[in-house]
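Q: Next comes the sequence, and after it the predicted model I'd like to discuss.
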Amino acid sequence: MFEPLYSLLAIASITLAAFALGRPLLRGLGVGQDDALSIGVWSVVLGFILAGLILTGCGLTGLLYAPLISVLTLGAAFYGLGELLFGQRRLRESGRAALGPGATEPAGPLDAAPWPPPPAWIVRGLLAVAAAATAGSLIAALAPPIAGDALCYHLELPKSFLAAHRIQFLPYDDNCTFPLLAEMWYLWGLAIEGGVCAQLVHWEMGILLALAAVLLASPLVGRRWAWLAGVVVLATPGINNQMTAPLNDVALATLTTLALVAWWQPVVNDENRRWFILAGMAAGGALATKLVALLLFAVVALVWLWMTLRQPARRAMLLQGAAVVAVVAASISGVWYVRAAWYRGSPVYPFLSQTFDRLRGIPPPSPSRSPEAPLADKTPLGRGPVHLVASPWQVTMYPERFGGRGQQLGALFLAAVPGIFWTRRLRGLGVMVVLAGGYWVLWYVLRQNVRFLFPAVPLLSVIVVWVWIELRRLPAWPQRLAVAAFAVLLAVSAAAALLRAKDRLPVALGLQPRTDYLARHEPSYPAAEVANQVLPANARILSQEYRGFYFERPIVRENVYRRFTRYDEQITRPGEFSLYLRRAGFTHVLLAETIGRSGAAFDPTLSRLADAQATADPGALLPLADYRFCDGDGSQRRYRLLMLR
């Protein structure tokens, strides 16, 4: 019953520890010190980046021990609590000192906008939307993690690293040489409490993303309207849904948005050049989280180059800033790219693997060949300008073609598109449109998955807020219709977040044991329970199922192992299957098969070889578990855990 409370205390400790790490750095740089929101967001995010670097260093030197991490976190959390309490008092005192005689509140540039603030009824309505979306995602995040990608690598890799006390290279795991900063945060959560705490880290990243959107919008529309941009981010279905699972797309969007916030200050607002250091740290964090960050920063680099060419008086400052950002970002993210190049041959593995193989004189096919799907699978829209123009409609109305409805952007952004063409010019909005549009074009050309659009969501939210501000210029009836349409879209998003969390409410409140929840909702968990109870410590499992987080014994993905070794081509007779795998060091196999035509698809190679072995020699494979699992969509799977004899 107290498990959810323990998880909340664990994430609170991590947050305070991150604040303790980031606050002194932010204070030392001396930027953003006049805004409590900026101080809070930047301190926590910088702390997470620094903590990720520390954990990475510990992992490379073999010092990943849960007790050590817990003790250091607890000490930092107490320091962070003191920083928070005394910092708030200092901030209030400095604010009172800055006010003139008789003044009641600061009238700083954040609220200085030539248009009135949003009406109170709109603020209350949007506050209800944000509260519902946040509550729904928090309830879902307090349930044990069951997201497929999380269990196959976002959590599985940190669990393996923590067990080995180091960041190890796993030759039959493509993901182990990806940028893994977010996974270092999840390792932090696993060391403190477990999978739910790691999941809450990504939920917190969603909250930080919404607040980062507020910081991004404030220089353009004023702080009071900027809060609405944060609400739009929280109400975006894909963002809200990903906050319930330990993935990395929301974390990436948080870091890219803050990189833009810091970049905006000196480049557009002519603020302190030390913001370039923060921009470099956030950009380095983004590049250390996911390769997709390269797309957005490529667009930013082009905009930066254009400004440099058009503004000769500021050219030296812009070039110096670019150098600072590049050096800082490379210092933070470089270790992951060097590691990928060392082990896989390509610093951006799995991309350009064959190109780097040719440069090294390795003829194809090579073991480091990219495991990517065929090009058609990555670009369901096809090519050409017509498809590009139609892509916003296609992505909004048919998200299942681009990664699934769980990652959709919702109809709010599409509904606001026509408003862009009749709104007045707003200083800086054109840069937002260019950045969002340029990123969308690169996304269309390279990888058409809707969750890869998350870094553009804060940019789009600023545009939506400006359209809302400009609605005041419409006649009464069109204005009311537009407001009603936007209200319905936001209400639907908030209601969906609450409905999605309904089946997780009992376990989130501690009324249902987490093991019971997993037995009902996670298909690999029953097999993991059997394996954890009966398999020896030296067991090694070759598995058709990718999900390995709940297994205490090492899991090797069969499809990757087959791609590297071509073992199936070396087994010429059915009776050789068990003997071959035992000689390769495996002790067990986990078979996963879809029953019927719908549901998850598993490559049948391992099942085919195992069934042929069982027919030729029934005693060679000993069944330890055999069960069927019904997914939420009604499809069924069959799992078999077999011991090789």
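A: Now that the structure is in, tell me what you want to look at.

Q: residues near Gln570, how many?
A: Applying other C-beta atoms under 10 Å, we find 9 residues neighbouring Gln570. For the C-beta atoms, the positions are set from N, CA and C on the backbone; glycine is no exception.

Q: who touches it in this structure?
A: Neighbouring residues of Gln570 by C-beta atoms under 8 Å, 6 or more residues apart in numbering: Tyr580.

Q: Distance of it relative to Ala584?
A: 10 Å (C-beta to C-beta, to the nearest Å).

Q: same question, Glu83
A: Counting by C-beta to C-beta, the gap from Glu83 to Ala584 is 53 Å.

Q: With neighbour numbers in mind, choose between the two.
A: It is Glu83, of Glu83 and Ala584, that has more neighbours when counted by other C-beta under 10 Å, with 19 against 13.

Q: Apart from its neighbours in sequence, what residue is nearest the more buried one?
A: Spatial nearest neighbour of Glu83, excluding adjacent residues (C-beta to C-beta, 6 or more residues apart in numbering): Arg23 at 5.1 Å.

Q: do Leu29 as well
A: In space, and not counting its chain neighbours, Leu29 is closest to Arg274: 4.9 Å by C-beta to C-beta, 6+ apart.

Q: Isn't the one you found up against Gly28?
A: No - here Arg274 lies out of contact with Gly28, judged by C-beta atoms under 8 Å, at a distance of 9.5 Å.

Q: Among the two, which residue is more densely surrounded?
A: Relative neighbour count places Arg274 above the other of Arg274 and Gly28, with 17 against 9, counting by other C-beta under 10 Å.

Q: Residues touching stretch 307-314, excluding its own?
A: Residues outside stretch 307-314 that contact it (C-beta under 8 Å, 6+ apart): Val267, Arg315, Leu318, Leu319, Ala322.

Q: distance of Leu498 from Pro399?
A: For Leu498 relative to Pro399 (C-beta to C-beta), the value is 20 Å.

Q: buried set for the strand or helix carrying Val589?
A: Taking DSSP states H and E as the criterion, Val589 maps to strand 588-595. Within strand 588-595, the residues scored as buried using 16 or more other C-beta atoms under 10 Å are His588, Val589, Leu590, Leu591, Ala592, Glu593, Thr594.

Q: Report the two of those separated the most.
A: By the measure C-beta to C-beta, His588 and Thr594 form the most distant pair in the buried residues of strand 588-595, at 21.0 Å.

Q: Can you verify my assumption that Leu498 contacts Gly136?
A: Yes - here Leu498 reaches Gly136: they are 4.3 Å apart, a contact under C-beta under 8 Å.

Q: For those two, work out which one has more neighbours and name it.
A: The residue with more neighbours, out of Leu498 and Gly136, is Gly136; 26 against 16, by other C-beta under 10 Å.

Q: Look up how far Pro554 lies from Ser543.
A: 10 Å.

Q: what about the two, which has more around it?
A: Of the pair Ser543 and Pro554, Ser543 is the one with more neighbours under other C-beta under 10 Å, namely 27 against 18.

Q: correct me, but that one touches Asn559?
A: No - at 9.7 Å, Ser543 and Asn559 do not qualify as touching, with contact defined as C-beta under 8 Å.
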